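Peer 1: Below is the sequence, then the predicted model.
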Amino acid sequence: MTQPLPAAEAIDLRPVLRSDAADLLAANVQSLWHHRPWVMPPTDEAGFEAWYGQVMTGANVSLIARLAATQQIIGVFNLSQIALGNFRSCYLGYYGMAALAGRGLMTAALNRVLVHAFDEIGLNRVEANIQPGNRRSIALVSRCGFSKEGFSPRYLKINGVWCDHERWARLAD
């Protein structure tokens with residue numbers, strides 16, 4: 001029997017702050033086995049500062065999702081290369097924490113991120129590029145209304161290796 005998805009009110013979603021560093025680094029270290037080989041989030045202060053410097057410049061928005069009751073981190077969502085004007089699109093990257101996996105929290109949080117992207121930022125399209133073997137991530141975007149648009153060989157370098165990706169997108173309408 002599957003559990004119902006948590007109410008959106010049970011999740012705090014806000015921009016990542018420098019003051020999130022200690023909690024985020026601890027959660028990333030505890031979830032290393034869960035993230036690899038798909039994503040390499042920062043696990044030390046220097047890594048956090050480098051990542052934070054990237055996401056706080058240019059056309060990027062990074063959001064952190066936490067359980068409202070405990071402030072435990074659910075996951076991080078990066079909207080990058082945001083283009084407005086006639087394009088109104090961005091790339092979506094994300095990762096969840098192992099301690100809260102399998103409870104529907106990333107689904108609820110991603111749905112809130114999409115409301116932010118479409119209603120607050122005014123985007124028309126959000127694109128996620130996912131390695132074909134990352135079945136949990138593909139299931140997440142599928143649950144959140146994304147459609148598979150194609151396949152991109154050697155699309156993104158991860159841990160020094162060019163990796164193939166599936167291209168998934170969700171439109172505002």
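Peer 2: Structure received. Numbers count the residues shown, from 1 in each chain.
Peer 1: Could you use CA atoms for every contact and neighbour count after this?
Peer 2: Will do.
Peer 1: So what does the nearest residue to Leu100 once chain neighbours are set aside look like in phi/psi?
Peer 2: Spatial nearest neighbour of Leu100, chain neighbours left out: Ile74 (6.3 Å); criterion: C-alpha to C-alpha, 6 or more residues apart in numbering. Per-residue torsions, Ile74: phi -90, psi -50 (degrees, to the nearest 10).
Peer 1: in this structure, which spans are strands?
Peer 2: Per DSSP state E, the chain carries strands over the ranges 11-15, 61-67, 73-83, 89-96, 125-130, 147-158, 161-171.
Peer 1: Give me the buried positions along the worst-scoring helix or strand of the chain on mean pLDDT.
Peer 2: Counting by mean pLDDT, DSSP states H and E, the chain has its least confident helix or strand at helix 32-35, which shows a mean of 85. Under the neighbour-count criterion of 16 or more other C-alpha atoms under 10 Å, helix 32-35 has 32, 34-35 buried.
Peer 1: Any chance of those residues in CSV with distance to Asn124 as columns?
Peer 2: Below are the buried residues of helix 32-35 laid out as CSV (distance: C-alpha to C-alpha, whole Å):
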residue, distance to Asn124
Leu32, 33
His34, 31
His35, 29
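Peer 1: residue contacts, the residue nearest to the spatial centre of the chain?
Peer 2: The chain has Tyr94 as the residue nearest its centroid, 1.8 Å off, counting by C-alpha atoms, centre = their mean. Tyr94 makes contact with 75-78 under the criterion C-alpha atoms under 8 Å, 6 or more residues apart in numbering.
Peer 1: what's the burial count for the residue nearest to Asp44 when sequence neighbours are not counted?
Peer 2: The shortest distance from Asp44 to any non-neighbouring residue, by C-alpha to C-alpha, 6+ apart, is to Leu25 (6.3 Å). Residues within reach of Leu25, counting by other C-alpha atoms under 10 Å, total 18.
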